[in-house]
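Peer 1: Return a 3D structure for these sequence lines:
(one chain, ligands or ions: 2)
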Amino acid sequence: MNDILNQLEKCMIVPVVVLENAKDAKPLGEALCNGGLPCAEVTFRTEAAEESIRIMSESFPEMLVGAGTVLTTEQVDRAVNAGAKFIVSPGFDEEIVDYCLEKGITVLPGCATPSEVAKAVKRGLEVVKFFPAEQAGGLPMIKAMAAPYTMVKFMPTGGINPENVKDYLAFNKIFACGGSWMVKNTLVENQEFDKICELSKEAVTIAKSIRG
Ligand SMILES: O=C[C@H](O)COP(=O)(O)O
Ligand SMILES: CC(=O)C(=O)O
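Peer 2: Ligands and ions are numbered 1, 2, ... in the order given. The predicted structure is shown next:
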C-alpha cells in the first residue's frame, strides 16, 4: 500500500462530507482534526466541493483530504489540483480508475459485487470502497467476497453508525469505515462544530476500542 493508503487506514474512520458552502470547510476541518479524525472525503455532490478541498487541505496540512462522489475525469483533475490526495467514487467507473492509475493518483472505486472486485484486482488495486455497505449486504457480504479475493481490503460506506462500526472494524479485511454520522448536514448548517468535534472523538474512542 502507498503512503496515502497507509495514512488513511490509520484514520480507521473516514468522514464523508457534503458541504453546501465552502466557508464551512475551515471550521469543519478544525473540528475533525481536534476530534482526532484528520481526514475527510469531500464529496462532489455540491458546487462547493472543489473550493472546500482547497481550503481544508491548505488550512490543515496534517489532514488527509480526498474527494468523494467523483463521477468524471474532469472532477479528478479539479479535485487533485485543489489538493485532494485520494479519489473515491460510488461505483466502479473504469475510465476514472484507469485515468487515476495512469496518473499515479490513489483511487478507491466503489465495488458491491464480485465482478467489480475482480476488475479492481485485475488493475492491481489493494483497496476498494464497498458501497452502499449496509444495503448491499453489510459485513456478511464483505466476508463472502474477501474469501476468494484475499488480496483486497474494503472500505465500507453507507449506513455505518457508532453501533455497527465496531463489527466492521473487528474484521481484518476492513481497511477503514466511511460514514457521515459525525458530519451530518444539519450539524454543519447549524454551525455545530463543537458537536462535530465531540462526535469525532467518540468515533475515535470506538475505533480504538477495537483496533487499539
Ligand atoms: O451516500 C452516503 C454516504 O456515502 C455516506 O453514507 P452514510 O450517510 O450512510 O454514512
Ligand atoms: C458514496 C461514495 O462512495 C461516494 O459518494 O463517493
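Peer 1: Could you list the contact residues of this structure toward ligand 2?
Peer 2: For the chain, the residues in contact with ligand 2 (CB under 6 Å from any ligand atom) are T43, G68, T69, V88, S89, P90, G110, K129, F131, T157. Placement of C-beta: from N, CA and C, glycine included.
Peer 1: Nearest to C177 among these?
Peer 2: When the residues of the chain next to ligand 2 are compared for distance to C177 (CB to CB), T157 wins out at 7.1 Å.
Peer 1: before we move on, what SS does the residue lying closest to the closest one once chain neighbours are set aside have?
Peer 2: Distances taken as CB to CB, 6 or more residues apart in numbering put G178 closest to T157, at 3.2 Å, once the chain neighbours are dropped. Put simply, G178 is strand when judged by DSSP: H, G, I helix; E, B strand; the rest coil.
Peer 1: Any idea what G178 is bridged to?
Peer 2: Beta-bridge pairing of G178 under DSSP bridges involves V14, T157.
Peer 1: Determine if any part of stretch 165-184 is in contact with ligand 1.
Peer 2: Yes: using CB under 6 Å from any ligand atom, we find that stretch 165-184 touches ligand 1 at G179, S180, W181.
Peer 1: how many neighbours does the residue nearest to T157 have?
Peer 2: Neighbours of G178 under the rule other CB atoms under 10 Å: 22.
Peer 1: re the thing from before, let's see if you can find the most crowded of the residues of stretch 165-184 next to ligand 1.
Peer 2: Neighbour max across those (other CB under 10 Å) = G179, 24 neighbours.
Peer 1: got the contact list for the closest residue to ligand 1 within the chain?
Peer 2: With CB to the nearest ligand atom, the shortest gap between the chain and ligand 1 falls at S180, namely 3.5 Å. Under the criterion of CB atoms under 8 Å, 6 or more residues apart in numbering, the neighbours of S180 are P15, V16, V17, V18.
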